[in-house]
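take a look and give me a structure for this.
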Amino acid sequence: MTPFFLLLTLMVAGFLVIVVRAATSKPLKARVEGLGELRGRTMASIISALGEPDETTRHPDDTRIMLWTSPKYQIALVAGANGICGGVHTERSSKKAPPRQGRGQTSVSFTAWTDV
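Numbers count the residues shown, from 1 in each chain. The predicted structure is shown next:
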């Protein structure tokens, strides 16, 4: 096997892994919907389904607001000091992907406050 053929084979295999992974990964909103009721679930189970949050804000009482974002969807969850989800803090979904220039994005949002 020549070095060129080996390099070409590795490049094709890497490309296929990327394509298959992108095709099989669910959008953030679908993963959240697949979890069902969030309140009362452990944050560890939520993180295992959604991945690490993009941002975490810790409050003095050891509660946290954990934020996950994607181009079309954003959700922030309240995490209690006990590691249990208190519910949805904010959730935003856009009907269209944001334009490249950043103008004209339509958003639909709601806020659900929970006591943790």
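
buried set for the helix or strand hosting Arg31?
Using DSSP states H and E, Arg31 sits within helix 28-35. By neighbour count on 16 or more other C-beta atoms under 10 Å, the buried set for helix 28-35 is 28-29, 31-32. Glycine gets a C-beta too; all of them are placed from N, C-alpha and C.

for that helix, what is the average pLDDT?
Throughout helix 28-35, pLDDT has a mean value of 92.

what's in contact with that helix?
26, 38, 41, 45-46, 49-50, 68-70, 72-73, 75, 93 (C-beta atoms under 8 Å, 6 or more residues apart in numbering).

closest one of those residues to Ile84?
The shortest gap between Ile84 and any of those belongs to Arg41, at 7.2 Å (C-beta to C-beta).

what count of nearby residues applies to the closest one?
16 (other C-beta atoms under 10 Å).

go on, Val88?
Around Val88 there are 18 residues (other C-beta under 10 Å).

surely it meets Ala79?
No: counting by C-beta atoms under 8 Å, Val88 sits too far from Ala79 to count as a contact (11.5 Å).

related to what we said a few turns ago, so of the contacts of helix 28-35, which ones are in strands?
68-69, 73, 75, 93 (DSSP state E).

low-confidence stretches in this structure?
Residues of the chain meeting the criterion pLDDT under 70: 1, 15-24, 95-116.

ranges for the helices of the protein?
Listed in chain order, the helices found in the chain under DSSP state H are 3-24, 28-35, 43-50.
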